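Peer 1: quick check, what structure comes out for this input:
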Amino acid sequence: MTLTTTALLVPLLPFLGAVAGLLVGRSAPGFVRPLAVLPTLAAAALTVSVAIGQDGGPATDVATRLTPTGSIPIDLSLHIDGFAALIAVLVGVVATCVQIYSTGYLRDDPRYPSYAALVSLFTSAMLLVVYTGDLMVLLVGWEVMGICSYFLVGHYWETEAARAASLKAFLVTKLGDVPFLFGIFALAADAGTFRITGILGSVTAGGLDHPTLIALLLLAGVAGKSAQFPLHTWLPDAMAGPTPVSALIHAATMVAAGVYLVARLLPVFAASAAALVVLAVMAAITMVGSGLAALAQDDIKRVLAYSTVGQLGYMLGALAVGDRGAAVFHLLSHGAFKALLFLGAGVIIHAAGTNSLAAMSRMSGLARRIPDAYWTVTVALLALAAIPPFAGFFSKEAVLGAAEHAALGDAQGIPGAVGWTVLVSGLLTALLTAAYATRLWLLAFKGKGAEAPDHGPQPVAMNAVLWVLFVPTVALGLGAPFLPGWFDGRSLAPTLTTSVLGTGIALVGGLVTYAAWRHTTALAARIPLGAVVAAPDAGPAIAEEVAIDTHAPVYGDNAGAPDPADPGRLLLGPLHRHAAVGFHLDAVYSVLFVRPVRAAASLVRFLDREVVDTYVRGAGAAPRLLGAAVRRAQTGNVQTYLAALLAGSLVLAVAAVLVATGTGA
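Peer 2: Residues are numbered from 1 along each chain as shown. Below is the predicted model of the structure:
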């Protein structure tokens with residue numbers, strides 16, 4: 001089987017599995033799990049085969065004309081280079097793990113057949129984005145992922161939180177997709193083709209007339225899809241969906257698509273210094289803001305969601321300084337340990353007796369009850385905090401090293417200000433990442449909340465998947481010396497300065513958080529059980545938690561009260577109440593957009609009801625009244641008709657006499 005044929009089968013197999021699952025899922029429930037797992041597993045195996053065949057060599061580029069358009073043609077094309085081959089492996093492996101994990105996590109869910117089919121379709125769409133060489137075909141996969149996320153995030157549609165989150169995810173991402181679509185059209189108009197290779201060739205030849213405009217339009221779509229400031233607000237709320245979906249979205253699909261697109265089209269963005277500055281500032285604000293927000297969240301999945309937002313900021317920061325190798329390397333590394341973290345969080349939530357959200361302040365005794373999750377999640381958090389020798393250390397240091405080179409002026413065509421922006425914000429984010437990772441570990445596994453009832457052993461499929469993802473989390477970074485051939489030949493080895501500085505800052509963040517936890521734990525020990533302890537700044541944070549955490553279990557007399565042993569409150573101080581609600585960005589959007597739109601809708605409804613409907617009703621009322629008057633004259637009495645005729649004749653005769661008299665005069 002040729003490389004091209006194998007690559008064509010990769011997105012096709014999950015697509016066929018999704019179609020078959022939707023058609024026969026409910027009528028033949030025994031086939032649901034095989035149709036969910038086997039096509040995705042086969043696709044994952046084929047991605048490995050494609051990667052081995054590609055072997056970091058020259059890109060494979062095959063195309064056929066899809067349809068004549070009369071202007072710019074659309075091609076059904078494959079473009080497989082080192083980036084595409086490795087990212088496809090990530091997508092296939094994570095999607096397979098999610099499908100296997102879901103067989104245990106959602107084993108009693110009546111809507112599992114449709115869920116599994118949508119996950120397969122989601123996987124197929126992302127693989128299409130990775131392998132295609134034409135922007136219009138890429139757009140198809142891009143939009144299919146958007147609709148799949150809408151249905152999957154809203155899986156628990158019985159709850160208001162899930163319905164609102166799915167609608168918000170759809171609308172916010174569409175807000176970015178509109179300028180993104182115009183950006184694709186403008187790019188194709190300048191380059192004369194939708195083919196990515198043709199576009200890059202045109203950039204090299206200086207053929208783009210509007211690089212800044214095109215780059216900024218594309219960045220709007222990237223900000224929406226990859227949850228970057230200011231369109232990142234949908235991702236934390238999307239945690240209302242099933243936990244395996246969160247792992248899929250955060251680790252290998254949807255949010256990774258925006259980063260991958262910028263990596264593929266990096267010369268387009270590099271052609272505009274203004275676009276690189278905007279990209280760097282967007283990444284910096286996203287990294288720091290999400291780190292602060294993660295440190296204030298109580299729900300474990302929202303912590304991980306804000307963590308994903310920040311790590312995606314790292315990737316886009318690497319792209320802003322012109323190093324797509326570091327960006328994609330961190331994308332691969334992050335995909336492994338973030339999938340492990342979300343699926344581990346699912347085990348924690350399952351042990352807590354709920355299928356959606358779980359507040360860390362209410363957890364206790366989980367380390368001994370779920371040892372598999374305890375050990376694997378601990379290592380994944382170390383990788384997230386970039387502690388050597390785990391994968392996150394190598395990939396994050398590659399990003400910081402690239403930023404250092406740009407800051408010192410060693411990156412050709414990259415403004416030094418861009419490098420310094422990414423470097424400083426990246427180091428500050430390293431501090432915050434270690435802090436919230438340590439806080440998550442302490443509250444989830446060493447917390448002093450009321451212990452949840454034991455719900456029995458975890459399904460084997462769930463625990464087994466954790467150990468599968470444990471391997472790349474530990475070992476992927478050790479392969480950094482062997483990967484440059486897949487990443488444009490640029491070294492991914494950590495540099496001494498950023499390695500020492502980044503690791504030292506991470507250790508400081510972890511130790512300070514641990515000290516704060518010890519202090520707050522000692523303070524909480526002096527508070528009697530059942531006392532509701534509300535910090536002065538706790539109100540909005542608790543309101544936010546209640547608004548979103550509809551599935552969280554409630555244990556003990558202190559349920560619902562802010563946790564006095566939460567080190568995040570001590571570390572953030574007055575900033576905590578703002579960070580807990582995402583710095584009120586949703587409230588700002590409500591004032592700027594939601595309320596004006598609703599007011600406009602109310603005005604239109606008033607005009608339609610009171611003006612247009614009044615006119616329509618009046619236009620119908622006049623003939624109706626005339627008809628009623630005429631109907632009254634139709635009595636059916638011949639004598640009445642004769643009397644009326646006589647009276648009319650008399651009136652006409654009198655009128656004729658008067659007219660004649662007047663004329664004679």
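Peer 1: who touches W157 in this structure?
Peer 2: R163, S166 (Cβ atoms under 8 Å, 6 or more residues apart in numbering). (C-beta placed from N, C-alpha, C; glycine too.)
Peer 1: give the buried residues for stretch 378-394.
Peer 2: Buried positions in stretch 378-394, judged by neighbour count with 16 or more other Cβ atoms under 10 Å: 378-388, 390-394.
Peer 1: meant to ask about stretch 566-581, not that
Peer 2: Within stretch 566-581, judged by 16+ other Cβ under 10 Å, the buried ones are 566-572, 576-581.
Peer 1: distance between the ends of it?
Peer 2: By Cα to Cα, to the nearest Å, the extent of stretch 566-581 from end to end equals 16 Å.
Peer 1: with stretch 246-256 instead?
Peer 2: 13 Å.
Peer 1: what are the contacting residues of that stretch?
Peer 2: Residues contacting stretch 246-256 (Cβ under 8 Å, 6+ apart): 87, 90-91, 93-95, 97-98, 101, 119, 122-123, 125-126, 145-146, 149, 152, 225-227, 235, 238-239, 301, 304-305, 308, 312, 331, 334-336, 338-339, 342-343, 346.
Peer 1: now with 7 Å, please.
Peer 2: 90-91, 94-95, 98, 119, 122-123, 126, 145, 149, 225-227, 238-239, 301, 308, 312, 331, 335, 338-339, 342-343 (Cβ atoms under 7 Å, 6 or more residues apart in numbering).
Peer 1: now do stretch 619-635
Peer 2: Under Cβ under 7 Å, 6+ apart, the answer for stretch 619-635 is an empty list.
Peer 1: flag every buried residue along that stretch.
Peer 2: For stretch 619-635, it's none, nothing buried (16+ other Cβ under 10 Å).
Peer 1: so how far is that stretch off the chain centroid?
Peer 2: How far stretch 619-635 lies from its chain's middle: 62 Å, per Cα atoms, centre = their mean, to the nearest Å.
Peer 1: now tell me which helix or strand of the protein has the poorest mean pLDDT.
Peer 2: The least trusted helix or strand in the chain, going by mean pLDDT, DSSP states H and E, turns out to be helix 539-548, with a mean of 34.
Peer 1: next helix or strand past it?
Peer 2: helix 567-572 (DSSP states H and E).
Peer 1: restrict that following helix to CA atoms and write it as PDB.
Peer 2: Presented in PDB, the C-alpha positions along helix 567-572 are these (Å, rounded to 0.1, in the frame of the first residue of the first chain):
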ATOM      1  CA  PRO A 567      -3.700  28.400  49.000                       C
ATOM      2  CA  GLY A 568      -4.900  30.200  45.800                       C
ATOM      3  CA  ARG A 569      -6.800  32.700  48.000                       C
ATOM      4  CA  LEU A 570      -3.800  33.500  50.000                       C
ATOM      5  CA  LEU A 571      -1.500  33.800  47.000                       C
ATOM      6  CA  LEU A 572      -3.800  35.900  44.900                       C
END
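Peer 1: in terms of secondary structure, what does the helix or strand just after that helix contact?
Peer 2: Scanning forward in sequence from helix 567-572 by DSSP H and E, the next helix or strand is helix 576-579. When contacts are defined as 3 or more Cβ pairs under 7 Å, 6 or more residues apart in numbering; DSSP states H and E, helix 576-579 packs onto helix 539-548, helix 567-572.
Peer 1: what's the average pLDDT for helix 576-579?
Peer 2: For helix 576-579, mean pLDDT rounds to 93.
Peer 1: next SSE after it?
Peer 2: Where DSSP H and E defines the elements, the next helix or strand beyond helix 576-579 is helix 585-589.
Peer 1: list the contacts of the residue nearest to W441 when sequence neighbours are not counted.
Peer 2: Counting by Cβ to Cβ, 6 or more residues apart in numbering, W441 lies nearest to L381, which is 5.4 Å off, once chain neighbours are set aside. Residues near L381 by Cβ under 7 Å, 6+ apart: A437, L440, W441.
Peer 1: what's the pLDDT at L381?
Peer 2: Confidence score, pLDDT, at L381: 96.
Peer 1: distance to A36, neighbour count and pLDDT added to the contacts of L381, as CSV?
Peer 2: Below are these laid out as CSV (distance: Cβ to Cβ, whole Å; neighbours: other Cβ atoms under 10 Å; pLDDT from 0 to 100):
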residue, distance to A36, neighbour count, pLDDT
A437, 32, 30, 96
L440, 30, 25, 93
W441, 32, 24, 93
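Peer 1: among those, which one lies nearest to T193?
Peer 2: A437 (44.7 Å; Cβ to Cβ).
Peer 1: elements contacting the one helix or strand that closest one maps to?
Peer 2: Assignment of secondary structure by DSSP H and E places A437 within helix 416-445. Packing partners of helix 416-445 (3+ Cβ pairs under 7 Å, 6+ apart): helix 273-294, helix 300-320, helix 366-369, helix 371-384, helix 391-407, helix 496-525, helix 567-572.
Peer 1: centre of the chain to it, how far?
Peer 2: 20 Å.
Peer 1: and the next element down the chain from it?
Peer 2: Downstream of helix 416-445 (by DSSP H and E), the next one is helix 460-475.
Peer 1: pLDDT of that next one, averaged?
Peer 2: What helix 460-475 shows for mean pLDDT is 93.
Peer 1: same check, this time on stretch 511-524
Peer 2: On average, stretch 511-524 scores 88.
Peer 1: quick one: buried residues of that stretch?
Peer 2: Using 16+ other Cβ under 10 Å as the test for burial, stretch 511-524 gives V512, T513, Y514, A516, W517, T520, T521.
Peer 1: my read: the last one touches D566, true?
Peer 2: No: contact criterion Cβ atoms under 7 Å: T521 and D566 do not qualify, at 9.8 Å.
Peer 1: hmm, who's touching stretch 503-519?
Peer 2: 385-388, 427, 430-432, 434-435, 438-439, 442, 565, 567, 570-571.
Peer 1: helices or strands next to the helix ranked longest in the chain in the packing?
Peer 2: Scanning the chain for the helix with the most residues, using DSSP state H, yields helix 160-191. Applying 3+ Cβ pairs under 7 Å, 6+ apart, we find helix 160-191 packed against helix 135-153, helix 196-204, helix 211-225, helix 234-237.
Peer 1: SS state for G413?
Peer 2: coil (DSSP: H, G, I helix; E, B strand; the rest coil).
Peer 1: count of neighbours near it?
Peer 2: Using other Cβ atoms under 10 Å, G413 has 10 neighbouring residues.
Peer 1: averaged pLDDT, whichever helix or strand F15 is part of. What do you get?
Peer 2: For F15, the host element (DSSP H and E) is helix 3-24. When pLDDT is averaged over helix 3-24, the result is 93.
Peer 1: check which residues of it are buried.
Peer 2: Buried residues in helix 3-24 (16+ other Cβ under 10 Å): 3, 6-18, 20-22, 24.
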